[in-house]
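Trainee: my questions are about this predicted structure, shown below with the sequence.
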Amino acid sequence: MLSTYEQMNVTQQNEFKDTANKLLSATFLSRDKKDNKQNYYFLMSYKEVFDEFFKILGYEIILDQQMGAVMLEGANAANTLKLKRDESIILLILRTLYHEKAKDTSLNENIICSVSDI
């Protein structure tokens, strides 16, 4: 992995860093979303390097080519958040609302939930 990374030019190394950071912050990339498209295809070009990199961190890259999505999955419990009962209920309501709204939109659109929806 390190040898492949070292063989990349500076622009590709910066793209690698940007893509890895974006995947860590968003947990998934969509090829159909404008601001993810370049990162998605870069990751696909260097998938083996990304696989090895994230394996060191305790993550696995899950690829769904049919949907055009790359997801990061981690088995490390240190990256989980313990919520109180009320917080869990609110989060469940928001998630349910999000999924209802997501049925009516594509990956390119932002899903908007307002207070009146709750």
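Mentor: Yes, it's here.
Trainee: pLDDT weak spots in the chain?
Mentor: Applying pLDDT under 70 to the chain flags residues 1, 75-80, 105-109.
Trainee: spatially speaking, which residue is in the middle of it?
Mentor: With distances taken as C-alpha atoms, centre = their mean, Phe28 lies nearest the centre of the chain, 1.7 Å away.
Trainee: hey, what's that one bridged with?
Mentor: Met71 (DSSP bridges).
Trainee: now do the helices in this protein.
Mentor: Per DSSP state H, the chain carries helices over the ranges 2-7, 10-26, 37-45, 47-57, 85-102.
Trainee: contacting residues for Ile112?
Mentor: By C-beta atoms under 8 Å, 6 or more residues apart in numbering, the residues touching Ile112 are Lys101. Bear in mind the C-beta positions are built from the backbone N, C-alpha and C, glycine included.
Trainee: separation between it and Gln12?
Mentor: Remark: distance between Ile112 and Gln12 (C-beta to C-beta, to the nearest Å) = 36 Å.
Trainee: ditto for Gly58
Mentor: With C-beta to C-beta as the criterion, Gly58 and Gln12 are 25 Å apart.
Trainee: compare the two (neighbour count), which wins?
Mentor: Neighbours per residue (other C-beta atoms under 10 Å) separate Gly58 from Gln12, with Gln12 holding more: 14 against 11.
Trainee: reformat the helices of the chain as a markdown table; add distance to Ile118.
Mentor: Converted to a markdown table, these look like this (distance: least, C-beta to C-beta, whole Å):
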| stretch | distance to Ile118 |
| --- | --- |
| helix 2-7 | 46 |
| helix 10-26 | 24 |
| helix 37-45 | 32 |
| helix 47-57 | 35 |
| helix 85-102 | 6 |
